[in-house]
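Participant: heads up, no residue letters with this:
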């Protein structure tokens, strides 16, 4: 042993379990955040990504309430039937009088946007999770490069969704 090193090595051996606990717990929190983001996005994204056998068409928004908008559905896929009124969630991306490409959720009169705008918009919760996880990874795990990748990826996803839904 080097005479000047014993105090430092003794201190580092005492903090090793604390560091390991910090890494494990913050890693678990980061993974939980990302899983929650995928879970929150998948409810809509599955309809946009897995379109085989689903009714596809357009909806012209005729009226909007506090949480939803409605309008007639015009089918474009084989086997789809016209409907006098379908429901689409109201957001900043849905405006009265506009026509949107949509996919009907099976067994309901609810529709979700399709195409690039619908795909990116459905993954917005995951984009937010990426941003939040980047803070946890940077602060808790002290992996700044990984945190930057997560943060920039989340910001890119949110920006792309914002640009395409306008």
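Facilitator: Arrived safely, thanks for sending. Everything numeric in this text was worked out from a predicted model, so none of it was measured. Numbering: from 1, shown residues only.
Participant: from here on, contacts and neighbour counts on C-alpha atoms
Facilitator: Fine.
Participant: Low-confidence regions, the protein specifically.
Facilitator: In the predicted model, the chain carries pLDDT under 70 at residues 1-14.
Participant: Show me the helices in this protein, by range?
Facilitator: Defined through DSSP state H, the helices belonging to the chain, from first to last, are 6-49, 115-122, 124-136, 144-165.
Participant: Quickly compare those helices and say which is most buried.
Facilitator: A comparison of those by mean neighbour count, using mean count of other Cα atoms under 10 Å, puts helix 124-136 on top with a mean of 23.
Participant: relative orientation of that helix and helix 144-165 in degrees?
Facilitator: Here helix 124-136 runs at 160 degrees with respect to helix 144-165, directions being taken by axes from the mean of the first three to the mean of the last three Cα atoms, to 10 degrees.
Participant: who does helix 124-136 touch, helix- and strand-wise?
Facilitator: helix 6-49, helix 144-165 (3 or more Cα pairs under 8 Å, 6 or more residues apart in numbering; DSSP states H and E).
Participant: what's the closest of the ones you listed to residue 91?
Facilitator: Among these, helix 144-165 comes nearest to residue 91, with 10.2 Å by Cα to Cα.
Participant: and the closest one, what does it pack onto?
Facilitator: Packed against helix 144-165, as judged by 3+ Cα pairs under 8 Å, 6+ apart, are the following elements: helix 115-122, helix 124-136.
Participant: Report the distance from that helix to the chain centre.
Facilitator: Between the mean C-alpha point of helix 144-165 and the mean C-alpha point of its chain there is a distance of 11 Å (Cα atoms, centre = their mean, to the nearest Å).
Participant: ditto for stretch 113-131
Facilitator: Here stretch 113-131 is found 5 Å from its chain centre; the criterion is Cα atoms, centre = their mean.
Participant: how far does that stretch stretch from start to finish?
Facilitator: End-to-end distance of stretch 113-131: 24 Å, with Cα to Cα, to the nearest Å as the criterion.
Participant: Done for today, thanks.
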